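*Asks:* A predicted structure for the sequence below; I have some questions about it.
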Amino acid sequence: MNFSFENVEHAFAHKSLKELKQSRFLFRVIFKSWIIALAKPLIKFALWIHFPIKWAVKPTVYRYFCGGENLNDALRLVNKLNDFKVKSVLDFAAEETTSQEQSDKTFKQVMEIIHLAHTNKAIAFAVFKPSALCRVKVLEKVSNKQILSSFEQKEYDSFVAMVDYLCQAAYENNVPILIDAEYTSMQAAVDDVLWQMMLKYNKEKAVVFNTLQMYRKDRLAFLKEWYQKACEQNIFMGVKFVRGAYLEQERIWAKEKNMPSPVHETKQDTDNDFDNALRFCMEHLDRIAIFCGSHNEKSCTLLANLMLQKQLKNYDERVYFSQLYGMSDHISFNLAHAGYNVAKYVPFGPVNITIPYLLRRADENKSIGGQVSRELKLIEQAIHQRKIK
């Protein structure tokens, strides 16, 4: 391989010494599990009583994980990342919708990003979260094949239409679009809609990307099943791989329903399925495009090695690496410097809208404590090098 994740010069070239020190503070303090456990209920309570917390959130975790309050703010960051060969996935960070008005706002924002990405090649993908366009209750009922009320049916039909419009716009503007994964309880409805979108818009190449959370026990088999269907229908598959974002909630949900847990019992089982999914896709790259959403050095190294074994160019458009903005810069920027396709997930939006997203990020950081410690060590090395120079 022609890169090393140990190279802190490349990893943090985009950050000033002041920014590195701010990063060190966040990794030392904000990411401690007891602080996260204490802060979450306090923030949720503050939101519930409409207590102003923007002053505390914006200069700390918001600034570190988000691109700004609006598209113009985010574009400044997109251009900065692009200067260092890192593309962006602009993500309007609205999570679960509660009204058609909210859904419409998210739809318009994603559509704007698609048209912007058509001319701004620093934006590699568009993205949306299904539950930002349709209420969770409706998606769960569809997944469980329950009868919808007339109002719910209208909402679901609107959701399908919005997804279709977004995928069509992505196809027409030559902008691949990622659809984020949801809880197991509503993912079946999302999968069904996305399969129809792939049939319509993935005839020439992968435009529509489904997301597979590999902590689920059934996703590797699901991947192979969809591949067989794609071959039969002569279409291409776009697949975004992540380990998973809702581990604790999935187990609680299964326990409440008196069902077997849908997620693996151990992290090692998740890691095995994630890596085996990458191996499977690389064996079938003639039909599958890969978006590897991983902060795991071993998985990213595996994928780079598989590309080398297949004698692929580092910049083969069918393979992308991705990490969240604010995390794993040693992976993102070293891969990009070596010529691989890398896209940072850059969420943006008003502070109050992005807080659920930020809380989810905090949970994920808590679950990958070893990687956080690793990144802190590299940040400290970079600070030391700057001071010596």
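*Replies:* It's in.
*Asks:* And stretch 297-312, what's buried?
*Replies:* Of the residues in stretch 297-312, Ser299, Cys300, Leu302, Leu303, Ala304, Leu306, Met307 count as buried by neighbour count, 16 or more other C-beta atoms under 10 Å. For the C-beta atoms, the positions are set from N, CA and C on the backbone; glycine is no exception.
*Asks:* Identify all contacting residues around that stretch.
*Replies:* Stretch 297-312 is contacted by residues 1, 3, 5, 271, 274-275, 278-279, 282, 285, 290, 292, 294, 314, 316, 319, 321, 331, 335, 340, 371 when judged by C-beta atoms under 8 Å, 6 or more residues apart in numbering.
*Asks:* can you list the weak-confidence ranges in this protein?
*Replies:* Filtered on pLDDT under 70, the chain yields the residue ranges 1, 30-56, 59, 360-370, 389.
*Asks:* Can you show me the strands along the stretch 51-200 of the chain?
*Replies:* Assigned by DSSP state E, counting those that start in this stretch, the stretch 51-200 of the chain shows strands spanning 87-92, 123-128, 177-179.
*Asks:* Looking at those strands, which is nearest to Glu375?
*Replies:* Across those, Glu375 has its closest neighbour in strand 87-92 (20.0 Å, C-beta to C-beta).
*Asks:* Out of the strands of the stretch 51-200 of the chain, which gets nearest to Lys344?
*Replies:* Comparison of these against Lys344 by C-beta to C-beta identifies strand 87-92 as nearest, at 5.5 Å.
*Asks:* Can you pull out the residues in contact with stretch 220-230?
*Replies:* If you take C-beta under 8 Å, 6+ apart as the criterion, stretch 220-230 is touched by 191, 195, 198, 202, 210, 212, 214, 236-237, 239, 273, 276-277, 280-281, 284, 287-288.
*Asks:* buried sites along it?
*Replies:* Within stretch 220-230, the residues that count as buried by 16+ other C-beta under 10 Å are Leu220, Leu223, Trp226, Tyr227, Ala230.
*Asks:* do the same with stretch 113-131
*Replies:* So, applying 16+ other C-beta under 10 Å, buried residues of stretch 113-131: 113-114, 116-118, 120, 122-131.
*Asks:* likewise stretch 251-260?
*Replies:* So, applying 16+ other C-beta under 10 Å, buried residues of stretch 251-260: Trp253, Ala254.
*Asks:* Can you show me the CA trace of it as PDB?
*Replies:* Taking Å, rounded to 0.1, in the frame of the first residue of the first chain, the C-alpha atoms of stretch 251-260 are listed here in PDB:
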ATOM      1  CA  ARG A 251     -31.700  -4.700  21.500                       C
ATOM      2  CA  ILE A 252     -34.300  -2.900  23.700                       C
ATOM      3  CA  TRP A 253     -36.800  -3.000  20.900                       C
ATOM      4  CA  ALA A 254     -36.300  -6.800  20.400                       C
ATOM      5  CA  LYS A 255     -36.700  -7.400  24.100                       C
ATOM      6  CA  GLU A 256     -39.900  -5.400  24.300                       C
ATOM      7  CA  LYS A 257     -41.300  -7.300  21.400                       C
ATOM      8  CA  ASN A 258     -40.100 -10.600  22.900                       C
ATOM      9  CA  MET A 259     -38.200 -11.300  19.700                       C
ATOM     10  CA  PRO A 260     -34.600 -12.400  19.000                       C
END
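*Asks:* With that, I have no additional questions.
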